[in-house]
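[1] just need the structure, nothing else, for what follows:
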Amino acid sequence: MKKIDLTGQTFNHLTVQERLGSRLMGSLRKKHAIFWKCQCVCGAFVELDTGRILSGNTRSCGCLRRETSARLHTKHGCSGLGRVTPEYRSWQAMHRLCYNPNRKDYKKVGGQRVRVCQQWHDFAAFLRDMGPRPSLGHGLHRLDGGKDYAPGNCAWVTREGRALLQNTTPEGRWICPNGGGQRRHWVRAAWRRQYGNQAGACPVCGKPLSSEFSACRWDHDHSTGLYRGILHPGCNTFVGFIETHSRQLEGARAYICQYGGKA
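    Numbers count the residues shown, from 1 in each chain. Below you'll find the predicted structure:
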């Protein structure tokens, strides 16, 4: 049988340097094979038998496998080696909400056919579009609950901001949620926002409002639940009286005008 000389030949990342001779190999140590000293492109040396070199199954000293694994799992630098960033956790949670039917909240998201856009299946693209999370108090939220997780429909928002978004109509009107912690956060956050929109003044009498939440009244439509504005306590009572007695007031106005009065 003709002897094979691999000296000087290159196989993938390995270059054969010299023949080392025959050795026993295998679990029973009964099979002889010719071993070669090879140098990897990274500079490391490794000893391999003829079969592993010619088969192509071994392409490097092991550095290629490590580099490939690192590129696949930690190319964005936000996971691996025990370090997982808040952005990566949000990215994982987003996928679980959309694709894991075992989650109790899957019905509200994935069960409603909400999906993650194709480009955000790559975490690097997600991080590029969303940027870093501003603080630990911010979370990922869809601006339009009926649309997918995608650029332009997601933002980092606080718990109070999320409660505001979840209870705002398309026309910008606010609907107060049911009781519990969400209601408390929503009311406080929305009250501050409405106070600023009114420039700190009562829209009924025009007088300045107190900056204390408990000193004002937030008027809302009892039939629809829509909040309308922040009023002085007396103005809120007056508006409620007018709504309750609107028919009588219209009759009184018509009665006064009938006899030449001004109403």
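
[2] how many neighbours does residue 64 have?
    Around residue 64 there are 16 other residues, counting by other C-beta atoms under 10 Å. Backbone N, C-alpha and C define where each C-beta goes, glycine included.

[3] check which helix or strand covers it.
    Following DSSP states H and E, one finds residue 64 within helix 63-74.

[4] after that helix, next one along is what?
    Following helix 63-74 in sequence, per DSSP H and E, is helix 86-99.

[5] next SSE downstream of that next one?
    helix 123-130.

[6] okay, the angle between that next one and helix 86-99?
    Following axes from the mean of the first three to the mean of the last three C-alpha atoms, to 10 degrees, one obtains 110 degrees for the angle between helix 123-130 and helix 86-99.

[7] pull helix 123-130 out as PDB, backbone CA atoms only.
    Written as PDB, here are the backbone C-alpha positions of helix 123-130 (Å, rounded to 0.1, in the frame of the first residue of the first chain):
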ATOM      1  CA  PHE A 123     -31.800  41.200  18.200                       C
ATOM      2  CA  ALA A 124     -29.100  43.500  16.700                       C
ATOM      3  CA  ALA A 125     -31.800  45.100  14.500                       C
ATOM      4  CA  PHE A 126     -34.200  45.500  17.400                       C
ATOM      5  CA  LEU A 127     -31.500  47.200  19.500                       C
ATOM      6  CA  ARG A 128     -30.500  49.500  16.600                       C
ATOM      7  CA  ASP A 129     -34.100  50.600  16.100                       C
ATOM      8  CA  MET A 130     -35.200  50.900  19.700                       C
END
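
[8] so how far is whichever helix or strand comes after that helix off the chain centroid?
    The first helix or strand that comes after helix 123-130 along the chain, using DSSP H and E, is strand 138-142. Centroid separation for strand 138-142 versus its chain: 5 Å, with C-alpha atoms, centre = their mean, to the nearest Å.
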